[in-house]
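Participant: okay, predicted coordinates and the sequence, questions at the end:
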Amino acid sequence: MPIQPERRITVCAKRFFAAWQFISTEETRYYLNGVFIEPHPDGGVTMTATDGHTLASIRDRNARFDGKEGWICRVPKQPFNTLLKHGKSGHLHFVGNSVYLTDRLLADCDVLDPEYDPAHISPRHMAVAFCEPIDGTFPAWRLVVPRKGRARADNFALNGRLIARFSTAIKCISPTNSPTLHIFTPNDDAHPVVIRCGTVPDFFGIQMPMRDDTATRMPDWLKLPRKKSARKPKAANDTVEDIKRDIDKTRNTDAA
């Protein structure tokens, strides 16, 4: 692949790692093997990744992005993945066909400053590697996002292994150790489930539901007590027969 000198992106490493949880590892869909970073019209960037079953998009308001077109960015598994997982990193810099990881102690310089050169190696650099962007077209992911996420479905199922990705991703960027997932169910089992987190408003995710009719009610072994049927109250004074008799008398009197 030719050198990409125009690529210049600086993003929060934790937020990139959160999006990284949702990439695909299938070689046939190589264009999903990275995080799609694109400029946001209000500043900063959005970082989106999907494997076709789950999708997450994260806003980084303080990122730097040169250019107008998005890039599908990736990082080497080692040592980047380990360093990002430990959360000691500060920023990821994608410059040309290289990627640089700097720590979070860059107090003596502004990494978003146009004059800052991440290619100038310093003790603050945690990892450096040659890693070109993925040459492909990222899908138009906004087309699968439901416009309404608060409608209720009668029944739906979720893959537990996939839902765990959201917990891992949100923990990377949440100010609390035990973030709460808010799940908005779809209109039916053909629409994706929307997943948000109150402590991380810049995070958005969806997961495609599964069809599973094996557990649509409470199990019989719970032996839940049966609800007592409500009895109809009896008439206070007259019986039903007395009321009918009075009605018949009234009708006969009107006829006479």
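Facilitator: Done, it's in.
Participant: use CA for all of it now, contacts and neighbours both
Facilitator: OK.
Participant: can I get stretch 168-183 in CSV, CA atoms only?
Facilitator: Taking C-alpha atoms only, stretch 168-183 is exported to CSV below (Å, rounded to 0.1, in the frame of the first residue of the first chain):
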residue,chain,number,x,y,z
THR,A,168,-15.8,-4.2,28.8
ALA,A,169,-15.9,-1.2,26.4
ILE,A,170,-17.8,1.1,28.8
LYS,A,171,-15.5,0.3,31.7
CYS,A,172,-12.6,1.7,29.7
ILE,A,173,-14.1,5.2,29.6
SER,A,174,-16.6,5.2,32.5
PRO,A,175,-15.8,7.3,35.6
THR,A,176,-17.3,4.5,37.8
ASN,A,177,-16.1,0.9,38.2
SER,A,178,-19.6,-0.5,37.8
PRO,A,179,-21.4,1.3,35.0
THR,A,180,-25.0,0.5,34.3
LEU,A,181,-26.2,-0.6,30.9
HIS,A,182,-29.5,0.8,29.6
ILE,A,183,-31.1,-1.4,27.1
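Participant: which positions in that stretch come out as buried?
Facilitator: Under the neighbour-count criterion of 16 or more other Cα atoms under 10 Å, stretch 168-183 has 169-174, 179-180, 183 buried.
Participant: so Thr180 sits against Cys197, correct?
Facilitator: Yes. Here Thr180 reaches Cys197: they are 6.0 Å apart, a contact under Cα atoms under 8 Å.
Participant: on that earlier part again, secondary structure and pLDDT added to the buried residues of stretch 168-183, as CSV?
Facilitator: Below are the buried residues of stretch 168-183 laid out as CSV (DSSP: H, G, I helix; E, B strand; the rest coil; pLDDT from 0 to 100):
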residue, secondary structure, pLDDT
Ala169, helix, 91
Ile170, helix, 88
Lys171, helix, 87
Cys172, helix, 86
Ile173, helix, 87
Ser174, coil, 85
Pro179, coil, 77
Thr180, coil, 83
Ile183, strand, 82
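Participant: for the stretch 51-200 of the chain, what spans make up the helices?
Facilitator: Along the stretch 51-200 of the chain, counting by DSSP state H, counting those that start in this stretch, helices occupy 82-86, 160-173.
Participant: including distance to Ser122, could the ones you listed go into JSON lines?
Facilitator: Output for the helices of the stretch 51-200 of the chain, formatted as JSON lines (distance: least, Cα to Cα, whole Å):
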{"stretch": "helix 82-86", "distance to Ser122": "17"}
{"stretch": "helix 160-173", "distance to Ser122": "26"}
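Participant: out of those, nearest to His53?
Facilitator: Nearest to His53 among the helices of the stretch 51-200 of the chain is helix 160-173; the distance by Cα to Cα comes to 8.0 Å.
Participant: show the contacting residues for Asp51.
Facilitator: 22-25, 32 (Cα atoms under 8 Å, 6 or more residues apart in numbering).
Participant: for Asn81, that is, sorry about that
Facilitator: The contact partners of Asn81, by Cα under 8 Å, 6+ apart, come to Val75.
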